[in-house]
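Novice: Quick one, what's the 3D model for this:
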Amino acid sequence: MGLTGREGKVLEIIIETYVDTAEPVGSRAVSKLMNYRLSAATIRHIMYDLEEQGYLYKPYSVSGRIPTSKAFRYYVNTLVNFKVPAKRDLQLISNFIKPNYSHVEEAMIDASRALAAISRYAGIVVEPKLDTMQFKGVEFVALSPTSLLILFIASSGMVYKRIISLEENIPISVLESMKQYMNERFQGLTFLELRTRLLEDIKKDREDFKTLLSKIKTSLDSLIVDGEKREVYLEGTSKIIGIPEFTDILKVKEIFRALEQKEKLLSILDKCLAQNDVVVIVGEESEIKEMKDMSIIASPFSINAKSSGVVGVIGPLRMDYSKLVPLVHYTAKVLTNFLTKM
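Specialist: Numbering: from 1, shown residues only. Predicted coordinates for the structure are as follows:
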């Protein structure tokens, strides 16, 4: 059941005041911010009802109240008025994501740095899954008569390396033929589609290709398995130390430990890939115990039509969602525009 109009307005004021001050909010302050349209006594009664419904809690023996994660979820879903991003913030993002990178990874790192600088919280970027990226080409480098370096190149410019052992030396002419064969035949396929096609070709191709194709497919299998882990670029985690809610050093250590568990972060952020918009994960919704007082604002970005990563901000429940949700969305858009043109 939703809140009444008065309850919603009081909750909105309490949340936005708490976001600004990080202090419990009292009925007199709310009454003043409402230009005394409601008396402090009336607001106290509304606050009591909101507390009974789980939207507010009283942290200690003071008159003020603090919003719960349930309150912030209601606020994000129902009450918040998103702001048009400030020109200086848009310029800062544009300055960070420059059109002169040699590697895609540099753009993703700078996107996380830009969001950390603007939000003053932690900025995060998760690279796309390898199996969804498009294959651009392959290169072979003979390291020794029985050792070969394979370079798989994605359309984004990202390069994945594998070293394979050979039973016997493979002539350079065969390697060149294989390179031409793969680059002409498979360019534009996703890496997952490439693996399937390689398996088909192993069964029917000429004998001198079969052994090498089999080795290449095995290398690709291991890349795709490792690609499930993916790289997580996390910048600005030290900013958490200065957040008023996290003055307890043990709590800060728990949060840092949680942020180091990249597999858990990936499982949460992968949920954003199913959406085509910004996703806000509030408090306990992350299912990471140590992050029950944190929120994640995240949005997918694309390298191509089939390959997406995630960009976002991790901070306290008391984030300025009205400012940061549009900025995360804008950063994802800038990153997409840049990466699709690389």
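Novice: Tell me which helix or strand in the protein has the weakest average pLDDT.
Specialist: None of the helices or strands of the chain scores lower by mean pLDDT, DSSP states H and E than helix 207-227, at a mean of 78.
Novice: packing partners for that one?
Specialist: Applying 3 or more CB pairs under 8 Å, 6 or more residues apart in numbering; DSSP states H and E, we find helix 207-227 packed against strand 147-154, strand 159-165, helix 172-186, helix 191-204. For the C-beta atoms, the positions are set from N, CA and C on the backbone; glycine is no exception.
Novice: following it, which helix or strand comes up?
Specialist: Counting by DSSP states H and E, the next helix or strand C-terminal to helix 207-227 is strand 232-235.
Novice: circling back to that earlier point, ok, and what's touching the least confident helix or strand of the chain?
Specialist: Counting by CB atoms under 8 Å, 6 or more residues apart in numbering, helix 207-227 makes contact with 129-131, 138, 148, 150, 152, 160, 162, 164, 166-167, 170, 174-175, 177-178, 181-182, 191-192, 194-195, 198-199, 201-202, 205, all of which sit outside it.
Novice: what's the answer for stretch 179-194, then?
Specialist: Stretch 179-194 is contacted by residues 130-140, 152, 154-155, 197, 209, 216, 220, 223-224, 227, 306-307 when judged by CB under 8 Å, 6+ apart.
Novice: So for that stretch, mean pLDDT?
Specialist: Here stretch 179-194 scores 90 as its mean pLDDT.
Novice: Show the end-to-end separation of that stretch, please.
Specialist: Using CA to CA, to the nearest Å, one end of stretch 179-194 lies 14 Å from the other.
Novice: list the buried ones in it?
Specialist: Along stretch 179-194, these residues count as buried under the neighbour rule (16 or more other CB atoms under 10 Å): 182, 186, 190-194.
Novice: re the thing from before, filter the contacts of helix 207-227 down to the buried ones, PyMOL style.
Specialist: Selecting the buried subset of the contacts of helix 207-227 in PyMOL, with 16+ other CB under 10 Å as the burial test, is done by:
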select buried, resi 129+130+131+138+148+150+152+160+162+164+166+170+175+178+182+191+192+194+195+198+201+202
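Novice: Would you map out the domains in this protein?
Specialist: Per automatic domain parsing, the structural domains of the chain span 5-79, 87-128+230-339, 131-227.
Novice: Which entries within the contacts of stretch 179-194 meet the buried criterion?
Specialist: Buried members of these, scored by 16+ other CB under 10 Å, are 130-138, 140, 152, 154-155, 197, 209, 216, 220, 223-224, 227, 307.
Novice: leaving aside the residues next to it on the chain, what's closest to Ile172?
Specialist: Leaving out its chain neighbours, the residue that sits closest to Ile172 by CB to CB, 6 or more residues apart in numbering is Ala142, at 7.2 Å.
Novice: Could you tell me the angle between the direction of the least confident helix or strand of the chain and that of strand 159-165?
Specialist: Going by axes from the mean of the first three to the mean of the last three CA atoms, to 10 degrees, helix 207-227 is angled at 130 degrees with respect to strand 159-165.
Novice: List the buried residues of helix 207-227.
Specialist: For helix 207-227, burial by neighbour count (16+ other CB under 10 Å) applies to 209, 212-213, 215-217, 219-220, 223-224, 227.
Novice: With only the CA atoms kept, save that helix in CSV.
Specialist: Extracted in CSV, the C-alpha atoms of helix 207-227 (Å, rounded to 0.1, in the frame of the first residue of the first chain):
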residue,chain,number,x,y,z
GLU,A,207,44.1,-32.4,-42.1
ASP,A,208,46.8,-29.8,-41.7
PHE,A,209,44.3,-27.4,-40.2
LYS,A,210,42.5,-29.8,-37.8
THR,A,211,45.2,-30.0,-35.1
LEU,A,212,45.7,-26.3,-35.0
LEU,A,213,42.0,-25.5,-35.1
SER,A,214,41.5,-27.9,-32.2
LYS,A,215,44.2,-26.1,-30.2
ILE,A,216,42.7,-22.7,-31.0
LYS,A,217,39.3,-23.9,-29.9
THR,A,218,40.7,-25.2,-26.6
SER,A,219,42.3,-21.8,-26.1
LEU,A,220,39.1,-20.0,-26.9
ASP,A,221,37.2,-22.3,-24.4
SER,A,222,39.5,-21.3,-21.6
LEU,A,223,39.2,-17.6,-22.6
ILE,A,224,35.4,-17.7,-22.4
VAL,A,225,35.5,-19.5,-19.1
ASP,A,226,37.9,-16.9,-17.7
GLY,A,227,35.8,-14.2,-19.4
